[in-house]
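Engineer: Predicted coordinates and the sequence they were generated for:
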Amino acid sequence: MTDAAVTASTVSPVSTARQHALGDIPRRTAQRVPDKLAVVDGDQRLTFAELEEYVERTAAAIAAAGLGKGDRLALLSHNCWQFAVLDFAAARAGVVLVPINFMLGAHEIAFILDHSGASGFVVEDGLVPTAEAALAAAEHHGRVHARRVITFPGAENPTSEGWDDLTGWLEHDLTRDGGPVDVPMADDDPVRMMFTSGTESRPKGALLSSRALMWQYVSCVIDGEMAADDVELHTLPLYHCAQLDCFLGVDVYVGATSIILPGPDPATVLRAIAEHGVTKYFAPPTVWIGLLRHPDLDTTDLSSLRKGYYGASPMPVEVLHELQERLPDVRFWNFYGQTEMAPLATILGPDEQVEYAGSAGRASINVETRIVDDRDEPVPTGTVGEIVHRSPHATLGYYRDEAKTAEAFRNGWFHSGDLGYVDDTGHLYVVDRKKDMIKTGGENVASREVEEAIYTHPGVAEVAVFGVSHPRWVEAVAAVVVPKEGASLTSSDVLAHAREVLAHYKAPKYVVIAEALPKNPSGKILKRQLRDAHADLAAGD
C-alpha cells in the first residue's frame with residue numbers, strides 16, 4: 001500500500017448517511033446507554049457519555065493540531081483509559097492510529113516512525129526518554145510536529161521540552177476551530193496501522209479499515225457470545241490487536257464495561273476479578289498457566305467469571321484440561337488469527353473444548369478458511385498445508401510494501417504463513433508456523449507436537465521447542481523447559497519422557513532447563529531469541 005492509497009477516497013452524501021466506521025462507535029453506544037459504566041482504570045471511571053465527550057474533544061483537537069485524513073498518529077503507552085479515547089478519536093478524525101510496542105528500543109521505534117510516516121506522536125510520560133531517542137534516530141523526526149504526553153498519576157515531570165500534555169486534547173474547547181469534526185469515512189479508508197509482532201522478522205505495517213474492524217467485531221460478538229452485560233478485564237497490551245480489537249473495541253461496541261489494568265500480573269488479575277465482579281477475561285496460554293500456578297487461585301472468589309478466552313499461541317492440551325478442572329464454571333473459547341485478519345479467523349467454542357482439544361476450531365462467521373499446497377491448490381482432509389483465508393476482516397495490505405502484499409494475497413486468498421490441516425468434521429488444527437517447522441535429517445518435525453508431548457510431564461510448567469543448526473542433521477530439535485515451582489526436573493528427565501512418547505527423530509536432542517521463557521508483552525514466546533541464545537548447542541557434536 002502506498003501513501004496515495006492511504007489518503008485517497010471519495011465519500012458521497014449517500015455513503016456518509018450509510019457510514020458505519022470505527023469512530024462512530026462511542027457516539028452510538030452513548031446514545032443507547034449514556035449513564036452505563038464504560039471504563040474503569042484505577043480511580044478513573046467513565047460512563048459511555050463521558051467516554052464519548054472525551055472522544056469528541058480529542059478528535060477535534062487532533063484536527064486542530066494539523067493532522068488530517070490519512071495522516072498517521074503514533075501511540076506509545078502502557079494500558080490506560082486514554083489509549084481507548086485516542087483509538088476512537090483518531091478514527092473519527094480520519095487519522096490512522098499507529099500503536100507501538102512499549103517494549104521496543106529506540107531504534108526499533110525509529111523504524112516504525114519512519115516507515116509509517118507519522119505526523120504526530122503521543123507518548124506515556126515514563127516513556128518520553130525512549131521516544132526522544134527514537135525521534136533523534138528517525139530520519140523524518142522533524143515532520144512529527146504534533147507531540148503529546150499522557151500524564152499518569154504521580155508523574156514527576158508531566159511534560160518535557162517540545163512536548164505538550166495530552167490533557168489539552170482531552171479538554172479541547174469545542175467552540176474553537178469549527179467545533180466537532182465530521183470526517184466522512186469510506187468502508188476501506190484505513191484507520192489503523194498495526195505492526196506485526198516481528199518475532200521472526202522485521203515488523204510490517206498492516207493497514208486495517210473500518211470495514212475490517214467492524215466485521216471482525218460482529219464475528220466476535222456472534223461466535224464469542226459477547227454481550228452488553230459483560231464486565232471484562234483487559235490486562236494484555238492494548239497496542240496488540242487481540243486485546244484492542246477482539247475485546248476492548250467490541251466492549252465499547254456492545255456497551256459492556258471494561259476494567260483496564262497495566263499488565264497481567266497473576267495476583268493483581270485475581271484480585272481484580274473478585275473486586276469488580278469480572279465475568280470475562282482473555283489471556284494467552286502463558287498467562288492462564290501463571291494463574292494456575294499462583295497460590296491465591298483456589299482461595300480467591302472467582303464466582304463471577306463465566307467466560308474465558310485464549311489465543312496468541314496454542315493452548316497445551318494438558319493445561320486446558322487443568323483449567324477446566326479447576327475453573328469448572330468458566331466456558332472457554334480459543335480465538336485463532338493474526339494481525340492481518342484484524343485479528344480473528346477461527347474459533348473453537350466452549351462445547352467443543354474437550355472433544356476437539358488442541359483444535360483452532362472452524363472459520364468464524366465472516367471468514368472462509370481452507371488449506372492449500374505450495375501451488376495454492378486445496379489439499380485433501382487430514383493433509384498438512386498452508387492456512388489461507390477470505391474475509392472482510394483482512395488487511396488492506398502492507399504499507400509501502402507492494403511485493404509482500406502481492407505475495408500474501410496471491411490467487412485471491414490471504415496466506416497466513418501457518419501450517420495446518422482440517423479433519424473430517426471441518427475443525428482446523430494448526431501444526432506450526434512455516435518458520436517453526438524443524439527439518440531434521442530429512443524429516444519434518446512440528447515444534448508444537450513436541451511441546452504438547454513434553455507438557456504431559458507432570459513437572460513441566462512451560463516449554464518452547466525450536467530448531468538449532470547441526471553438523472549432521474542440518475537442524476536438531478531443541479527444547480527450553482521451565483519446571484513447575486517445587487519440581488525437581490533435569491534435562492535427562494525431560495529427554496527420557498520425550499523419548500517414551502515421541503518417535504525417536506521427533507524427540508529433542510538438547511534440553512535446557514531455565515527459570516523463564518522470553519516473551520513479548522502479548523505473551524508470545526520469542527523463539528527467535530531462544531534460537532540466537534542457544535545457537536551453539538550442537539557446537540561440540
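Structural biologist: Ah, there it is. As the structure is a computational prediction, the values presented were derived from the model and not from experiment.

Engineer: how much space between Arg375 and Gly385?
Structural biologist: Separation of Arg375 from Gly385 (Cβ to Cβ, to the nearest Å): 10 Å. Any C-beta I mention is one placed from the backbone N, CA and C, and that applies to glycine too.

Engineer: These two: which has the busier surroundings?
Structural biologist: More crowded of Arg375 and Gly385, by other Cβ atoms under 10 Å: Gly385, with 20 against 6.

Engineer: The more buried one touches Asp376, doesn't it?
Structural biologist: No - taking contacts as Cβ atoms under 8 Å, Gly385 lies outside contact range of Asp376: 9.4 Å.

Engineer: and stretch 122-139, C-alpha only, in PDB?
Structural biologist: Taking C-alpha atoms only, stretch 122-139 is exported to PDB below (Å, rounded to 0.1, in the frame of the first residue of the first chain):
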ATOM      1  CA  VAL A 122       1.600  10.500  21.800                       C
ATOM      2  CA  VAL A 123       3.800   9.000  24.500                       C
ATOM      3  CA  GLU A 124       3.300   7.900  28.100                       C
ATOM      4  CA  ASP A 125       5.300  10.200  30.400                       C
ATOM      5  CA  GLY A 126       7.600   7.400  31.600                       C
ATOM      6  CA  LEU A 127       8.500   6.500  28.000                       C
ATOM      7  CA  VAL A 128       9.400  10.000  26.800                       C
ATOM      8  CA  PRO A 129      13.200   9.400  27.100                       C
ATOM      9  CA  THR A 130      12.900   6.400  24.800                       C
ATOM     10  CA  ALA A 131      10.600   8.300  22.400                       C
ATOM     11  CA  GLU A 132      13.000  11.200  22.200                       C
ATOM     12  CA  ALA A 133      15.900   8.800  21.400                       C
ATOM     13  CA  ALA A 134      13.700   7.300  18.700                       C
ATOM     14  CA  LEU A 135      12.900  10.700  17.300                       C
ATOM     15  CA  ALA A 136      16.600  11.600  17.200                       C
ATOM     16  CA  ALA A 137      17.300   8.400  15.300                       C
ATOM     17  CA  ALA A 138      14.300   8.700  12.900                       C
ATOM     18  CA  GLU A 139      15.100  10.200   9.500                       C
END
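
Engineer: Near Val474, how many other residues are there?
Structural biologist: Val474 has 13 neighbours, counted by other Cβ under 10 Å.

Engineer: For beta bridges, what are the partners of it?
Structural biologist: In this structure, Val474 bridges to His470 when assessed by DSSP bridges.

Engineer: In this structure, where is pLDDT below threshold?
Structural biologist: 1-5, 7-9, 154-159, 197-202, 313-314, 434-435, 441-443 (pLDDT under 70).

Engineer: Check which helices and strands the longest helix seen in it sits against.
Structural biologist: Counting residues, the longest helix found in the chain (DSSP state H) is helix 48-64. Here helix 48-64 touches helix 25-32, strand 37-41, helix 81-92, helix 167-170, going by 3 or more Cβ pairs under 8 Å, 6 or more residues apart in numbering; DSSP states H and E.

Engineer: For the stretch 251-400 of the chain, just list every one of the strands.
Structural biologist: In the stretch 251-400 of the chain, the segments counted as strands under DSSP state E, counting those that start in this stretch are 257-260, 280-282, 307-310, 331-337, 344-348, 362-363, 368-372, 385-390, 397-398.

Engineer: Direction included, what does the second one pair against?
Structural biologist: I take that to be strand 280-282. Sheet pairing for strand 280-282, using DSSP bridges, gives strand 231-234 (parallel), strand 307-310 (parallel).

Engineer: swap in the last one?
Structural biologist: When sheet partners are counted by DSSP bridges, strand 397-398 sits next to strand 205-209 (antiparallel).

Engineer: quick one: contacts of the strand it pairs with?
Structural biologist: With contact meaning Cβ atoms under 8 Å, 6 or more residues apart in numbering, strand 205-209 is reached by 1, 6, 96, 98, 112, 115-116, 187-196, 241, 339-340, 342, 395-401.
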